[in-house]
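Chemist: I'd like to go over a predicted model; first the sequence, then the structure.
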Amino acid sequence: MRFPALFACLCAAVCALPLLPQNNTPLSPLPPQGFDFSGSWDCEGAFHGGQLHKSTYAGSVVLSGKWLRLEEKDLQPATHYVAEYLIGYDPQQKRLVEFDANNFGAATYTSDQGWRDGVLIMTSPLLQDAKTPYVANRFLYSIRGADSFTVDWQISRTAAFEWIQSDHLVCTRSRNG
């Protein structure tokens, strides 16, 4: 007699789960600790093979404070790479999205988690093109202090997401602006 009563209680509890209050607060593209990306940044690091990578970033908050815009210009290597990244909340997908427009192409990334412990991870969808050297990639933006952040680009050659470091930049607030 105990098992049917226990089963009925379990079914009632499972059916009530959708009625529990849920957190519908939109994720913010801005770090909760108040870090400010606005301004100019000097960045230096290295690609996977050890090749030096230098760039500048310009950050701003746009569209009524709802989106973070980061503009990157590579100084070294001299590939003339320029990009604009827009990170904001998509209420239909209920996650952060990043639009990456650059002079070599474009890409999109998403995050279901948002900022966690000073780190934002934006991940691409799985790529279906057999010609690409990886099936997914992601960017990690990490706050390192009031005037410093890092950007890491990682790739995975498998759908099981085994991440390989491809680029690492340390950015510090520019003294010139």
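Modeler: Perfect, thanks for sending it. All values derive from a computational prediction rather than experimental measurement. Residues are numbered from 1 along each chain as shown.

Chemist: all contacts plus neighbour counts: C-alpha atoms, from now on.
Modeler: Will do.

Chemist: residue contacts, the spatially most central residue of the chain?
Modeler: What sits nearest the mean C-alpha location of the chain, by Cα atoms, centre = their mean, is Met122, with 2.6 Å. The contact partners of Met122, by Cα atoms under 8 Å, 6 or more residues apart in numbering, come to 97-98, 109-111, 138-140.

Chemist: Report pLDDT for it.
Modeler: At Met122, the model reports a pLDDT of 97.

Chemist: Check the secondary structure at it for me.
Modeler: strand (DSSP: H, G, I helix; E, B strand; the rest coil).

Chemist: same check, this time on Asp129
Modeler: Three-state assignment for Asp129 (three-state DSSP): coil.

Chemist: how close does it get to Ala101?
Modeler: For Asp129, the distance to Ala101 equals 19 Å [Cα to Cα, to the nearest Å].

Chemist: what about those two, which has more around it?
Modeler: Neighbour totals were compared for Asp129 and Ala101, and Ala101 leads with 16 against 9 (other Cα atoms under 10 Å).

Chemist: tell me which element that one is part of?
Modeler: strand 95-102 (DSSP states H and E).
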